[in-house]
Every structure is written in structure tokens, then in C-alpha cells.
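>>> I'll drop the sequence and a predicted model, then ask my questions.
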Amino acid sequence: MSTSLLIVLLLLAAAVVMFVVNRPRMDAVALIMIVAMPFTGVVTIGEALAGFSDPSIVLIAALFVIGEGLVRTGVARHLGDWLDAKARGSEVRLLVLLMLVVAGLGAFMSSTAVVAIFIPVVLRICQNTGTPPRRLMMPLSVAALISGMMTLVATAPNLVVDAELRRQGAAGFQFFSFTPFGVPILILGILYMLLARRLLAGGADRAGAARRQASLRDWIGQYGLAGREHRVRVMPGSPLIGRRVGDYSDRLAGVNLLAIERGHRFRHEVVRPTPRTEFQVHDILLVDVMDTGLGIEALQREYGVAPLALSDGAWFADKAQEIGLVEVILPTGSSLAGQTVPQARVRADYGLTAIGLRRGQTVFGAELREEKLKVGDTLLLAGFWPDIRRLQSDTADFVVLALPAEMQEVLPAASRAPQAVAVLVLTVGLMVSGVVANVHAALIGCLLMGLFRCVDLNSAYRAINWQSLVLIVGMLPFSLALQRTGGVDLAAEALLAAAGNASPRTMLAILFVITASLGLFISNTATAVLMAPVALAVAKDLGASPYPFAMIVALAASTAFMTPISSPVNTLVVGPGNYAFADFVRVGVPFSIIVMAASLVLVPWLMPFH
């Protein structure tokens, strides 16, 4: 063993120890390795940093942006809601459906892409159901890795092994040659994760924090808003038509106009009413009638409007994407103290409407318009979400006391969902067809997401999980260093020599162990590049068919369940699942043994040696 190889192995061992003890955090360990590796003399500083330009790193970053587009437009939410609805409250059913959907999609596109897209979907499901993300994030990564065993294009190692077969004169694999192996392993994976959920107990429940936050429903009860909401349509002949909202603000005392629904030929919008907004025929007005003694019939008679049915849910729940509520408190020195709500010009200055007032245990309803505000009063304001967000930066007259949990659910680009789906379909189609490289397809998808305004530049940068990218980049130099110092060849030759005159099935087991073990430290693609020629050479020496030996290498390369650095798929779920290194070891090692056992049964059976 050369001195250079020894130094590289010592650095690798140090990195693994720091990962295991989780000190310092994983991306910091990766940065330490980037700095340390050039001192070995095996790689240059340029090579240590080359991972930042690696196509796989750019691909992952681009997929984060595409995933953000699906989140901002509500596509991820609808998919999560569909899974949640189909699960009907059962965590078992939810886990099964999630793994089936992820494995199915991953069979035709990058497993890394699937995980990047499904992380926000799973987080939303966890928020809705109260399920700790720890219990679903690892099943997500397991299903994505298994998807690599489903089709020829599902993962790069499959294509590497297929190319080596063809290079040596064999016919190569067909598109679905992997499916008979992947489907049984997927079933085993689902059954195993149902049992292994207990191993993922504990840890922070990130879904719970959002659920404990105040909700719109809480405030509806506290301030007595139920029954005050109405929807009315401006009918032909109404005196409102052509008049401005400001013309009627004094006449409609006790009635708050919150929003106007206005239909167009190809779209429907919710309009923020301003004093200069003109009423149009067939406008639908969303009003809050504070004075319960003022019947909606009076509005109908005087202003020519017709009442409409309300949607299910309290207080315009169907418009929660546009309008919401916020609780504010009047601080010492507020210029609004001593004024009534109309005098305070809350609507004119802030674009929000005061619909509730609480002073101690006393809640004011219709009478809040005459009540003079005092320091320490809590006001409930209603309005459009952008106005509510702007209020957070104003600390002179108001201090935001509480924001509702629903604010996290607001979709900045809800109307762009069809475009986001079209971009996703195009990106996946380009990846599957191979017309352009995967990273090229993902970058095209990013640009189209921006062009259709599904994401903006700020949200795109925020969407990228830089911690995961730095971790992957920091481990890439080890692959190059181990190859240059002969470490990979030395390990493979030693293990093969120890096998002696073993049977073909035993040689399959040895190849599986070598491939899976190398995958702990270097990328599964690099592992396949190194092990595919070895596997085919073994088959030739034994006088056996090359296909079972090539297949065992491909399956083992996807058996990357054992550590968070075995695959980018695992790395992506570390943060959202709040996992430690030991979590992957506890769950991944037993399942890797199960996959190996299943492979050793299925491969010789479906692909005979002779």
C-alpha cells in the first residue's frame, strides 16, 4: 500500500467518523475534506473544487428549482392532497402509495429529480396529518433508489453496465430487463419500511410546529366572525354599476367590502377594492356584515345585488389563497391610540380592514367602529396577503402579534399550475427520450419555469438546498483519489482472490458485496464503471453467461441505503427528515442484506448461468 493511498484512506476514515458522531455538521465535514485533499498531492485544488461544475450537481440544483415551481403553483400541494385523500388517514396506506408513486416515476426519470420534487409534497402531507417527516422521508429515498432497479434508463449505473456489455460484444439489456428484479424488491422495500418505521421514532416533529400555530378557524371563533360573511352579485340595473367604491364607503357603515370576484373571458380573478375601483355588472362582492342587525335583504333592495351561496368552510375559506387575517397589537406610542377605526384610516393607509377588536377578555363586534383604540388593544385585520406581509415591516403603529398557519399555504403563482405541469412533462420527456442530456433538460425546465413566472430569481435561489450540494461536492474528490492511488483496484483484487474457486452463485454474492461496499465511499456510477469489467471477466473465466454478472453489479450499485452519503438521493432527505448518520445505518444495512438475498435468488433464476 502506497503512502498516498494510506493518507487518502485516513482522511476518508476521519470523514466517516465525523459523519457518524454528527460533529461538525455534514456540509462542514465536506468543506474540510475539500481543503484537506489537495495536501495529499493526489488531487489538485482545482480537481477538489471540480464538483461544483459536475453535471450531476448542476442537475440537482436545477431540479430543486423545478420542484419549487411545482410548490409555488400548487401542483405539489394537489399531488400531496391526492395521496393524503387516498390514504384516508392511514399512515400505512400513505406510505405504500408514496413508495409506489415515487418508484413508478423514478423508473422513467432521474431518481434524484423525483426526490427533489417529492420533498415538498411529503412535507405538506406531514403538516396536514401531523406525521413526523422522519417517518416518510426515508421511505421516499428508499423507493427512489429502488426505482433505479426498474428500467434501463432509471439510473446511470444501468446504462454503464449495458454499455460495457455491448462493448464486449453482447447484445445488452432491453428497456424492461430490470423490471422483473425491481418489482419484487419494491414489494420487499414497502414491507420492510412498514416494519422499520419504529426505528425512525423520535427526533424533531417539524410538522407539529405549523399545526400549533394559530389558524383562521381559531380567530373565526374567538372574534365571532361566523355568519357575517356574504357573497352578493351586482345585477343589471344596480345603482353601483359604473360608480367607484369610494363613493359608497360612508353609506355602507357596518359593511366591509373585502374583495371583488370578477370574471373575464378566459380567466377569473379576485380584485383588491380601492376607493377608485369601479363596480361592474356581474361583479361578485365578498362582504363582511359587522352589524348583524343589518340584513342582507337591505343591501339587496337598496343596491340591486343578489345573494349567492357560500362555499363550504367558514369565512371565505375558498379564497384563502388571496385574502387572509392577521392579529396586530397597538404598541406604546402608536399614533392610532385614541382614535376610532374609521379615524385611524387603516383601510386607506394599509389596505386592510379591521373586523375584530379584543381588549383583555372583551371582544367587540359591530361596536368596534365607535370604540376608541387604546395601547395594548388587539385588532384582527383582514385583507390581501401582500398587504399583510407589508404590515410586518411597519412597527410604528402596529406590531404583528400572530400570523395564521394558512399563510404558509398561500401559493404565490397558483394560476400558473398548468404551465408548471407542462414544463415538468417536457423536462421528463427530454430526459426519457435522451434528445438532450439530463442536466440540459433540467436547465431548460428552469428557464421555462422562470419564463412562465412559476418561479422568480429570489425564490429559485432560496429553493436550492446548498447544504446537500456542498456535501456531495466534498465527497467527489475521494472517488478520483481512490482510483489514482489504486485503492479501488487493490480492494477488488483482494476480495476476488480470497474467493478462490467459488461457484457462480458465490461469485455473484462476492460481486454484490464489493459493489455495494465501494458505493459507500464513491458514486454508484463510478462503482459501476469499475466493477462492470470485473464482473464480465469473472463470467468469462467461469464460462458462464455475462448477463447475470452484469445484472448483479447494476442491482448492487443501486443498493445505496446504508449511509447518507451513499447516494445524492439519501443526502437530499437528511435535512427534511432530521436524520443522523446512524439512522441510515440502522435502517439501511438490514435492508441491503435483504436486497442482496433477493438478488441472489432472482438473478440466477431469471438469467441462468448457461
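Received it, and whenever you're ready, just let me know what you need.
>>> can you pull the contacts of the nearest residue to residue 156 once chain neighbours are set aside?
Spatial nearest neighbour of residue 156, chain neighbours left out: residue 525 (4.4 Å); criterion: C-beta to C-beta, 6 or more residues apart in numbering. Backbone N, C-alpha and C define where each C-beta goes, glycine included. If you count contacts by C-beta atoms under 8 Å, 6 or more residues apart in numbering, residue 525 has them with 156, 157, 160, 557.
>>> Help me confirm that the first one comes into contact with residue 528.
To tie it back to what came earlier, the one meant is residue 156. Yes: if you go by C-beta atoms under 8 Å, residue 156 and residue 528 touch, sitting 7.4 Å apart.
>>> Which of these two has more residues huddled nearby?
Each of residue 156 and residue 528 has its neighbours counted (other C-beta atoms under 10 Å); residue 528 has more, 29 against 20.
>>> the longest helix in the chain is where?
Ranked by residue count, the top helix of the chain under DSSP state H comes out as helix 581-606.
>>> Can you point out the buried residues in that one?
581, 583-584, 587-588, 590-592, 594-596, 598-600, 602-604 (16 or more other C-beta atoms under 10 Å).
>>> likewise stretch 69-84?
Judged by neighbour count using 16+ other C-beta under 10 Å, the buried positions of stretch 69-84 are 69-77, 79-80, 83-84.
>>> now do stretch 300-308
Neighbour-count burial for stretch 300-308 flags 303, 304, 305 (criterion: 16+ other C-beta under 10 Å).
>>> Give me the subset of those residues that lies in helices.
Per DSSP H, the buried residues of stretch 300-308 map to helices at residue 303.
>>> Just put the buried residues of stretch 300-308 in JSON lines and tack on pLDDT and distance to residue 243.
Below are these laid out as JSON lines (pLDDT from 0 to 100; distance: C-beta to C-beta, whole Å):
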{"residue": "303", "pLDDT": "84", "distance to residue 243": "10"}
{"residue": "304", "pLDDT": "88", "distance to residue 243": "12"}
{"residue": "305", "pLDDT": "89", "distance to residue 243": "13"}
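>>> Next, the contact list for residue 181, please.
149, 551, 555, 599, 602, 603, 606.
>>> Sorry, slip of the keys, the one I care about is residue 165.
Residue 165 sits in contact with 171, 172, 173, 532, 536, 546, 547, 550, where contact means C-beta under 8 Å, 6+ apart.
>>> ok, now which ones touch the residue nearest to the third one when sequence neighbours are not counted?
Taking C-beta to C-beta, 6+ apart as the measure, residue 173 lies nearest to residue 162, with 4.9 Å between them; neighbours along the chain are not counted. Contacts of residue 162 were listed using C-beta under 8 Å, 6+ apart, and they are 152, 172, 173, 550.
>>> now the strands: where do they sit in this structure?
Under the criterion DSSP state E, the chain contains strands at 229-234, 255-263, 268-271, 284-289, 305-308, 323-329, 353-359, 362-364, 378-384, 399-402.
>>> and residue 237, how many neighbours?
By the measure other C-beta under 10 Å, the count of residues near residue 237 is 8.
>>> returning to that earlier point: pipe the strands of the chain into JSON lines and attach distance to residue 54 per row.
Compiled in JSON lines, the strands of the chain are given as follows (distance: least, C-beta to C-beta, whole Å):
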{"stretch": "strand 229-234", "distance to residue 54": "54"}
{"stretch": "strand 255-263", "distance to residue 54": "49"}
{"stretch": "strand 268-271", "distance to residue 54": "44"}
{"stretch": "strand 284-289", "distance to residue 54": "52"}
{"stretch": "strand 305-308", "distance to residue 54": "57"}
{"stretch": "strand 323-329", "distance to residue 54": "43"}
{"stretch": "strand 353-359", "distance to residue 54": "53"}
{"stretch": "strand 362-364", "distance to residue 54": "60"}
{"stretch": "strand 378-384", "distance to residue 54": "43"}
{"stretch": "strand 399-402", "distance to residue 54": "43"}
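>>> Select, out of the ones you listed, the one closest to residue 216.
Closest approach to residue 216 among the strands of the chain is made by strand 323-329 (5.8 Å; C-beta to C-beta).
>>> Please report how far the residue nearest to residue 38 when sequence neighbours are not counted lies from residue 53.
Of all residues beyond its chain neighbours, the one nearest residue 38 is residue 45 (4.5 Å), with distances taken as C-beta to C-beta, 6+ apart. Look at residue 45 and residue 53: by C-beta to C-beta, to the nearest Å, they are 14 Å apart.
>>> Out of the two, name the residue with the larger neighbour count.
residue 45 (13 against 9).
>>> Where does pLDDT dip in the stretch 151-300 of the chain?
Counting by pLDDT under 70, the ranges of the stretch 151-300 of the chain that qualify are 201-213, 249-253, 265-267, 291-295.
>>> that older thread, for the contacts of residue 162, which single residue is the most surrounded?
Neighbour max across these (other C-beta under 10 Å) = residue 550, 30 neighbours.
>>> if we can go back for a sec, among the strands of the chain, which is nearest residue 420?
Across those, residue 420 has its closest neighbour in strand 268-271 (18.6 Å, C-beta to C-beta).
>>> So which bits of the closest one are buried?
residue 270.
>>> That strand pairs with which strands?
Sheet pairing here is set by DSSP bridges, and for strand 268-271 it gives strand 255-263 (antiparallel).
>>> Got the domain ranges for this structure?
Per automatic domain parsing, the structural domains of the chain span 214-403, 482-606.
>>> For these, give me CSV that also has distance to residue 17.
Output for the domains of the chain, formatted as CSV (distance: least, C-beta to C-beta, whole Å):
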stretch, distance to residue 17
domain 214-403, 43
domain 482-606, 10
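>>> Tell me which of the ones you listed sits most buried.
The highest average neighbour count among the domains of the chain, using mean count of other C-beta atoms under 10 Å, belongs to domain 482-606 at a mean of 20.
>>> mean confidence score for that one?
Domain 482-606 shows a mean pLDDT of 84.
>>> How about stretch 3-21?
84.
>>> Give me the contact list for that stretch.
Counting by C-beta under 8 Å, 6+ apart, residues outside stretch 3-21 touching it are 24, 26, 29, 32-33, 36-37, 40-42, 475, 478, 481-482, 484-487, 490, 521, 563-565, 581-582.
>>> and what of stretch 376-396?
Stretch 376-396 has contacts (C-beta under 8 Å, 6+ apart) with 219, 223, 256, 258-259, 272, 288, 322-331, 333-335, 346, 350-359, 373, 398, 400-401, 403, 407, 410.
>>> what's the answer for stretch 258-272, then?
231, 273, 277, 279-280, 282-288, 316, 319, 322-323, 351, 353, 382-384, 387, 415.
>>> now do stretch 592-610
Applying C-beta under 8 Å, 6+ apart, the contact partners of stretch 592-610 are 180-181, 184-185, 188, 192, 504-505, 508-509, 512-513, 516, 542-545, 547-548, 551-552, 555-556, 559, 561-562.
>>> One more: stretch 44-60?
Outside stretch 44-60, the residues that touch it by C-beta under 8 Å, 6+ apart are 34-35, 37-38, 110, 112-113, 116, 437-439, 442-443, 468-469, 472-474, 476-477, 480, 523, 568, 572.
>>> Between the two ends of that stretch, how far is it?
Across stretch 44-60, the terminal residues are separated by 25 Å (C-alpha to C-alpha, to the nearest Å).
>>> What are the buried residues along it?
Neighbour counts over stretch 44-60 (16+ other C-beta under 10 Å) mark 47, 48, 49, 50, 51, 54, 56, 57, 58, 59, 60 as buried.
>>> Tell me, how many residues neighbour the closest residue to residue 114 other than its chain neighbours?
Closest residue to residue 114 apart from its sequence neighbours, by C-beta to C-beta, 6+ apart: residue 106 at 4.5 Å. Residues lying near residue 106 (other C-beta under 10 Å) number 28.
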